[in-house]
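Asker: My questions concern the predicted model and sequence given below.
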Amino acid sequence: MKQLGEFDYVIVGAGSAGCVIAARLSESGVYSVALLEAGGEANDFWVGVPLGWAKLYKEKKYNWGYLSEPQKALNGMRSFQSRGKLIGGTGSLNGMVYLRGQREDFQLWRQLGNVGWSYEDVLPYFKKSEGNEWGECEYHGVGGPLKITSCPSSELGAAFIKSGIQAGYPYNKDFNSPIQEGFGQAQVNMYNGRRWSTAVAFLKPARKRTNLTVITNALASRILFKDKRAVGVELKRAGLVESIKARREVIVAGGAFNSPQLLQLSGVGPVQLLKRFDIPVVVDLPGVGSNLHDHFTYNVGYLCTQKLTLNDAIYHPVRRMLMGMNYAFFRKGFLTTNGQAAQGMVRSDPRLGAPDLMFRLRLFTRSAGTTIVSKAPGSQFDIGIALLHTESRGSVRIKSADSAVHPEIRLNTFTTENDQRKAVEGFWIHRKIMSMPAMQPYVAKDLEGTSQFKTDEEVLAYCRQKGDAQLHTSSSCRMGIDDDAVVDSRLRVYGVEGVRIIDASIMPFCVGANTNATTIMIGEKGAAMVLEDATLRHSGPGPTFCSPFQNLTLR
């Protein structure tokens with residue numbers, strides 16, 4: 001087995017969290033860092049174009065393209081799970097919405113025993129990343145590398161926001177303040193008409209450092225243990241099995257699917273599962289791969305009275321050409337957006353302490369699991385309705401001892417009565433909003449006949465037919481102090497030494513928002529913890545750096 005060298009820290013996964021971790025651990029120049037990514041570079045032109053996520057949504061070169069097991073509550077549908085396989089991970093392919101979790105989410109994280117994870121604890125790490133166009137204030141930062149801006153406004157988006165206000169909800173300029181309720185426009189991690197992922201913001205400048213080595217097309221096979229201490233990672237690259245040593249820690253940042261998969265392949269997980277595939281057991285940790293959590297969403301499509309949507313531009317040859325020219329020469333137009341024009345956060349029950357429903361107007365229509373823009377004729381937009389606090393839980397389990405075999409993903413979406421009730425309530429709230437004077441001039445008809453629905457049963461059947469998980473998976477290696485937890489509040493894996501998980505999988509439960517911003521915060525806070533612990537236990541000679549491509553040691 002070829003040895004690629006020895007580093008202080010080996011990070012597995014160059015996604016939204018992994019890029020942050022690599023940059024922060026290497027910036028002092030004190031520690032040597034290796035970052036492993038199973039995919040390749042993010043050099044495709046469309047990765048950088050904000051609306052390019054539509055084109056790359058199912059591109060096999062850049063996407064793991066996972067399929068869930070059939071979902072009984074959704075009429076047996078297998079959910080397509082878009083997950084990035086390139087530098088930047090899913091953050092190089094997603095919709096770029098920069099929406100933090102709710103204040104109440106983090107307060108509950110702390111109440112569950114996770115010391116250091118209250119809203120007041122995590123806010124500094126959100127601010128640390130930000131280079132927000134709004135300027136510095138109590139809730140935003142300007143000195144960070146992650147550019148945060150507002151999408152260009154649109155006529156339809158403005159009408160939707162006004163309709164929400166007419167329906168009795170407040171206007172909300174900043175969904176990332178402690179108060180999330182209301183209608184407005186979300187911010188995004190874009191800048192100057194370009195996607196501003198953590199690969200661009202954090203990793204690109206960090207790659208100039210001699211103490212950071214990025215190894216692409218390197219599929220991690222397992223963490224290597226000596227007794228119960230991690231000493232490195234085995235990986236496959238170009239058909240060869242290789243290994244890389246970790247002097248201090250192995251940091252797993254593969255996300256909600258790949259992190260539990262790697263731990264199970266390494267002998268850390270439910271003992272009966274490991275024995276089924278003859279994997280030597282390092283520690284019996286039943287929570288690895290359990291508690292998989294996602295939001296539930298469904299869409300209601302509308303025919304627009306005016307030619308204001310993406311359908312109008314994409315399927316008209318002249319307008320499509322002009323759209324491309326507008327982007328190429330001026331960095332303006334539809335290509336500088338993510339397709340989402342406005343959003344609203346509301347409570348399904350006024351007695352709730354925080355919003356549990358999210359509505360968003362998108363300048364296109366799509367069905368569950370399909371590509372972004374419907375090819376049906378006419379000017380179309382849709383309203384997405386999402387549940388922010390779902391009860392349904394799933395799991396991730398290996399199906400083979402081979403890391404190249406996709407894991408078994410059981411989402412179990414929409415399986416509880418409470419989730420179903422909230423989804424139905426969301427439909428009736430959406431109908432009220434769409435009936436307001438501000439939206440009415442733009443609505444020719446609904447595309448699915450939902451205007452004829454009169455009963456909850458009709459709505460529930462529609463949710464089962466059109467609904468899906470929202471690609472906000474988390475919590476499969478959750479942080480906690482109970483028997484089902486996988487990591488402690490410093491993100492160290494229970495039962496072993498020298499392994500941390502720093503990604504969305506550690507969330508005790510999914511935040512009430514898109515998950516990318518919180519994942520970046522976890523990367524920031526997790527990296528700070530690693531550095532704090534390194535300082536506390538540092539003794540003896542300084543760390544060494546050994547390049548995988550040169551027999552060179554820097555002291």
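Answerer: The structure has been received and is ready for your questions. Source: prediction; values computed, not measured.
Asker: which parts of the longest helix seen in the chain are buried?
Answerer: Within the chain, and with DSSP state H defining each element, the longest helix by residue count is helix 516-537. If you call a residue buried by 16 or more other Cβ atoms under 10 Å, then helix 516-537 has these buried ones: 516-527, 529-531, 534. C-betas here are computed from N, CA, C, even on glycine.
Asker: Show me how far stretch 301-319 is from its chain's centre.
Answerer: 29 Å (Cα atoms, centre = their mean, to the nearest Å).
Asker: Same check on stretch 515-524?
Answerer: Taking Cα atoms, centre = their mean, one finds the center of stretch 515-524 at 8 Å from the center of the full chain.
Asker: I'd like to check what contacts that stretch. Which residues are they?
Answerer: Defining contact as Cβ atoms under 8 Å, 6 or more residues apart in numbering, one finds that stretch 515-524 is touched by 15-21, 24, 90-91, 94, 96-101, 122, 125-126, 128-129, 146, 176, 189, 198, 253, 472-474, 502-504, 506-507, 511.
Asker: tell me how far the ends of stretch 252-270 are from each other?
Answerer: The stretch stretch 252-270 measures 18 Å between its terminal residues, going by Cα to Cα, to the nearest Å.
Asker: same check, this time on stretch 90-99
Answerer: 16 Å.
Asker: Would you mind giving both backbone torsions of R247?
Answerer: Main-chain dihedrals, R247, degrees, to the nearest 10: phi -80, psi -40.
Asker: Retrieve the pLDDT associated with it.
Answerer: As predicted, R247 sits at a pLDDT of 97.
Asker: cool, D312 as well?
Answerer: In this model, D312 carries a pLDDT of 87.
Asker: repeat for C546
Answerer: On pLDDT, C546 comes in at 37.
Asker: Please apply the same query to the one 5 residues further on.
Answerer: At N551 the predicted local distance difference test score is 30.
Asker: do the same with the one 3 residues further on
Answerer: We note a pLDDT of 26 for L554 in this prediction.
Asker: ok, now how distant is V241 from S403?
Answerer: V241 sits at a distance of 11 Å from S403 (criterion: Cβ to Cβ, to the nearest Å).
Asker: and the gap between the closest residue to V49 other than its chain neighbours and K55?
Answerer: Excluding the flanking residues, the one nearest V49 by Cβ to Cβ, 6 or more residues apart in numbering is L335, at 5.5 Å. Separation of L335 from K55 (Cβ to Cβ) stands at 10 Å.
Asker: Which one of the two is surrounded by more residues?
Answerer: Neighbours were counted for L335 and for K55 using other Cβ atoms under 10 Å; L335 has more, 20 against 16.
Asker: wait, isn't the more buried one in contact with W46?
Answerer: No - using Cβ atoms under 8 Å, L335 and W46 do not qualify as a contacting pair, with a distance of 9.7 Å.
Asker: Mind listing the shared neighbours of the two?
Answerer: With Cβ under 8 Å, 6+ apart as the test, L335 and W46 both reach G52.
Asker: what bits of the chain have low per-residue confidence?
Answerer: Screening the chain residue by residue with the criterion pLDDT under 70, one finds the ranges 366-377, 537-555.
Asker: Domain map for it?
Answerer: The chain breaks down by automatic domain parsing into domains covering 1-147+188-293+393-413+472-555, 152-185+296-387+415-466.
Asker: out of those, deepest packed?
Answerer: Comparing the domains of the chain by mean neighbour count (mean count of other Cβ atoms under 10 Å), domain 1-147+188-293+393-413+472-555 ranks first with a mean of 21.
Asker: circling back to that earlier point, for the buried residues of helix 516-537, which one is nearest H293?
Answerer: Proximity of those to H293, judged by Cβ to Cβ, is greatest for T518, which lies at 12.6 Å.
Asker: and the nearest residue to T337 once chain neighbours are set aside, what does it touch?
Answerer: Spatial nearest neighbour of T337, excluding adjacent residues (Cβ to Cβ, 6+ apart): C151 at 5.1 Å. For C151, the contact set (Cβ under 8 Å, 6+ apart) comprises 185-188, 190, 336-338, 340-341.
Asker: mind listing which of these are in strands?
Answerer: Residues from these lying in strands, with DSSP state E as the criterion: 187-188, 190, 340-341.
Asker: so where does R421 fall, helix or strand?
Answerer: Assessed by DSSP states H and E, R421 sits inside helix 417-434.
Asker: Just give me how far that helix sits from the chain centre.
Answerer: With Cα atoms, centre = their mean as the basis, helix 417-434 stands 25 Å off its chain's centre.
Asker: contacts for that helix?
Answerer: Contacts with helix 417-434, where a contact means Cβ under 8 Å, 6+ apart, come from 160, 163-164, 167, 296, 298, 300, 302, 344, 346, 348-349, 356-357, 359, 383, 385-387, 390-392, 414, 439, 443, 450-451, 453, 456, 459-460, 462-463, 467.
Asker: Tell me the strands beside the next helix or strand after that helix, with direction?
Answerer: As assigned by DSSP H and E, the chain's next helix or strand after helix 417-434 is strand 443-446. With DSSP bridges as the test, strand 443-446 is paired with strand 296-304 (antiparallel).
Asker: The strand it pairs with vs helix 417-434, what angle?
Answerer: 20 degrees (axes from the mean of the first three to the mean of the last three Cα atoms, to 10 degrees).
Asker: What is the subsequent helix or strand relative to strand 296-304?
Answerer: Taking DSSP H and E as the definition, the helix or strand right after strand 296-304 is helix 310-314.
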